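Undergrad: just need the structure, nothing else, for what follows:
(2 chains)
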Amino acid sequence: MTERLTRYGPFLLALIALVAPLLAPNDYVIGVLARICLYALLALGLNIVVGFAGLLDLGFVAFFGIGSYVYAFLASPHFGLHLPFAAVMLVIIFTAAGSGVLIGAPTLRLRGDYLAIVTLGFGEITYICLVNLDRPVNITGGPNGLLSIDPPSFLGFVIDHNIEYYYLFLLTLGLVVLLSRRLRDSRIGWAWRAIREDEIAAEAMGVNTTMAKLQAFAVGASIAGFAGGLLASWQRSVFPDNFLLQESINILAMVILGGLGSVLGAILGAVAIVSLPEIFRDFALYRLLAFGLILILVMILRPQGLLAPRSGARRSAETK
Amino acid sequence: MSLLEVIGLRKNFGGIQAVRGFDIAIEERQIVCLIGPNGSGKTTIFNLITGLIPATAGRVIIDGRRDIIGRKPHAITAMGVARTFQNQRLFNHMTLLENVLVGCARSAKAGLASILLGLPGARAEKLQMIERARSLLALFGERLLPQADDLAGSLSYANRRRLEIARALATEPRLLLLDEPAAGMNPTESRELMTDILRVRDRGVAILLIEHDMTVVRGISDRVVALDYGVKIADGDFAEIRRHPKVIEAYLGRGTVDA
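TA: Model prediction:
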């Protein structure tokens, strides 16, 4: 039964994801589905940093923010730039990867709790920069954010309905799942997991831990940056408050709830954490209480997360 | 020219002199045993040679020309020095195969981009690595290979030691440092380990091992080096060492050398 579930689960999930918006009762629900995809992207990005490489990053939302603002800079009336969507996203990938390396480099010697605190600081610094960089020169628009951002367009086809955004996000998600899996079962993924397991032994086995960690930061950050670009194009505006510490914690909760290091788990975590507060909307004030209780219950009943990373037997069969 | 030459190696931990001017030369395909009482500095010497801790003074030279002191551990591994750990540091939540693959990947060339794009070169390289990792597991007969896809954390004690050796060999070392490989093994397992070590030597790898089990020491070493309080007190073949008065006094105790 579990055997079948692990084999057909991903296809089933993909099928559900493809038809879900067609069955959705209204546009609001489609919007929630799109948000699930966006957060699943973030969870997959953080899963590389925390799940694969074991680097506890509490400021991950910073890269989400950087991606959003780069999009806003390059495709809005703010600087009068209206670059094509694909070009903007390409710039975002490299900017975010660069900032990942920039933030990663000074933290290389830090482990566990210490790394968490420093990354927390970086997340806060990014937020404060977004809020305050409207003076003396207006760069970020300050607390008012940036408005009238261009929607995504491909060869003249402009995306402007929730359902179109949903399929755009889903497509990206599928791609990132593929890339995550390729990385996990590559020399880079082995090195990441070796570092997570035992950094000293990894070094002794010839793993260049500096390089591997920077790669993890860069890849994770570019995925988050990409998601940020998508958010900006969807909201058609960006505000510093989209990138609060709470978001970093939420994304981390998705990764842990799903099972650290599990690609499918990160997605399920995103589904749970985005949808549960919506489902409990009827409980009004008790909504977050119910949400919190469910998180606690899941972690007590399944401390390893909803889906523990796949056992080796299946993985090796797949690498052959 | 020696494969490895250690000259005047020193290590102070605060006021404690853990290693006080240690010298050793190891030739190609030689098996050298490092013995000494607990706390005599054996593991510290391993940590210094592999770059895990910085030396206070001294030189460690490979091939008579490259000084590896001050280099990072992964760079030293790249020069052909691999090791196992006394307290076993396997990657427990990875499979046996993946543990070995971490070592195999040292020489891999595929970059981030070619892995992400799934280019044929990266794929072929990965298949080669998997092939090599399996052949390394096969070195230990039926002990490891049938469990290649199990998590390393599930292994028995002796098999964990074997996997550590396979993983170290994956980095293609010319010198392998084994830190108490027979610790916790029963006599049958120790005997098996000895043939395993000799087989590794026959692949062209020199071995420096720390060992307390005198049966193993006598059985496989070309040379024995005895250490006490961070100083080398004797260096020779097993027969010489067991008769050496300083060794008897410092390590084996008077009149108990029957091993």
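
Undergrad: could you check which helix or strand contains the residue positioned nearest the centre of chain A?
TA: Central residue of chain A (CA atoms, centre = their mean): residue A:42, 0.7 Å from the mean position. Using DSSP states H and E, the element containing residue A:42 is helix A:27-46.

Undergrad: centre of the chain to that helix, how far?
TA: Relative to the centre of its chain, helix A:27-46 is centred 9 Å away, using CA atoms, centre = their mean, to the nearest Å.

Undergrad: wait, residue B:219 touches residue B:193, no?
TA: No. Residue B:219 is beyond contact range of residue B:193, at 9.6 Å (criterion: CB atoms under 8 Å). In short, each C-beta sits where N, CA and C put it, glycine included.

Undergrad: looking at those two, which is more packed in?
TA: Legend: neighbour count by other CB atoms under 10 Å in any protein chain shown for residue B:219 and residue B:193, higher for residue B:193 (24 against 19).

Undergrad: list the residues that contact residue A:104.
TA: The neighbours of residue A:104, taking CB atoms under 8 Å, 6 or more residues apart in numbering or on different chains as the test, are A:213, A:214, A:216, A:217, A:218.

Undergrad: just to revisit the earlier point, please see if the helix holding residue A:42 touches chain B.
TA: No. Judged by CB under 8 Å from any CB of the partner chain, helix A:27-46 and chain B are separated, with a smallest distance of 13.6 Å.

Undergrad: restrict that helix to CA atoms and write it as PDB.
TA: Extracted in PDB, the C-alpha atoms of helix A:27-46 (Å, rounded to 0.1, in the frame of the first residue of the first chain):
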ATOM      1  CA  ASP A  27     -12.100  32.800  -8.000                       C
ATOM      2  CA  TYR A  28     -11.100  33.300  -4.300                       C
ATOM      3  CA  VAL A  29     -10.400  29.500  -4.000                       C
ATOM      4  CA  ILE A  30      -8.300  29.700  -7.200                       C
ATOM      5  CA  GLY A  31      -6.300  32.500  -5.600                       C
ATOM      6  CA  VAL A  32      -5.700  30.300  -2.600                       C
ATOM      7  CA  LEU A  33      -4.500  27.500  -4.900                       C
ATOM      8  CA  ALA A  34      -2.100  29.900  -6.600                       C
ATOM      9  CA  ARG A  35      -0.800  31.000  -3.300                       C
ATOM     10  CA  ILE A  36      -0.200  27.300  -2.300                       C
ATOM     11  CA  CYS A  37       1.900  26.900  -5.400                       C
ATOM     12  CA  LEU A  38       3.900  30.000  -4.700                       C
ATOM     13  CA  TYR A  39       4.600  28.900  -1.100                       C
ATOM     14  CA  ALA A  40       5.400  25.400  -2.300                       C
ATOM     15  CA  LEU A  41       8.100  27.000  -4.400                       C
ATOM     16  CA  LEU A  42       9.500  28.800  -1.400                       C
ATOM     17  CA  ALA A  43       9.300  25.600   0.700                       C
ATOM     18  CA  LEU A  44      11.300  23.700  -2.000                       C
ATOM     19  CA  GLY A  45      13.900  26.400  -2.000                       C
ATOM     20  CA  LEU A  46      14.300  26.300   1.700                       C
END
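
Undergrad: what packs against it?
TA: Helix A:27-46 sits against helix A:2-23, helix A:61-74, helix A:162-184, helix A:209-235, helix A:245-258, helix A:263-279, with contacts defined as 3 or more CB pairs under 8 Å, 6 or more residues apart in numbering or on different chains; DSSP states H and E.

Undergrad: residues near the residue nearest to residue A:221 when sequence neighbours are not counted, how many?
TA: Nearest in space to residue A:221, with sequence neighbours left out and distances taken as CB to CB, 6 or more residues apart in numbering or on different chains, is residue A:100 at 2.8 Å. Neighbourhood size, residue A:100 [other CB under 10 Å]: 29.

Undergrad: ok, so what distance separates residue A:100 from residue A:181?
TA: Distance, residue A:100 to residue A:181, using CB to CB, to the nearest Å: 20 Å.

Undergrad: likewise residue A:121?
TA: For residue A:121, the distance to residue A:181 - CB to CB - is 32 Å.

Undergrad: for residue B:178, same thing?
TA: Here residue B:178 is placed at a distance of 36 Å from residue A:181 (CB to CB).

Undergrad: and the two? Which one has more around it.
TA: Neighbour count, other CB under 10 Å: between residue B:178 and residue A:181, residue B:178 has more, with 27 against 16.
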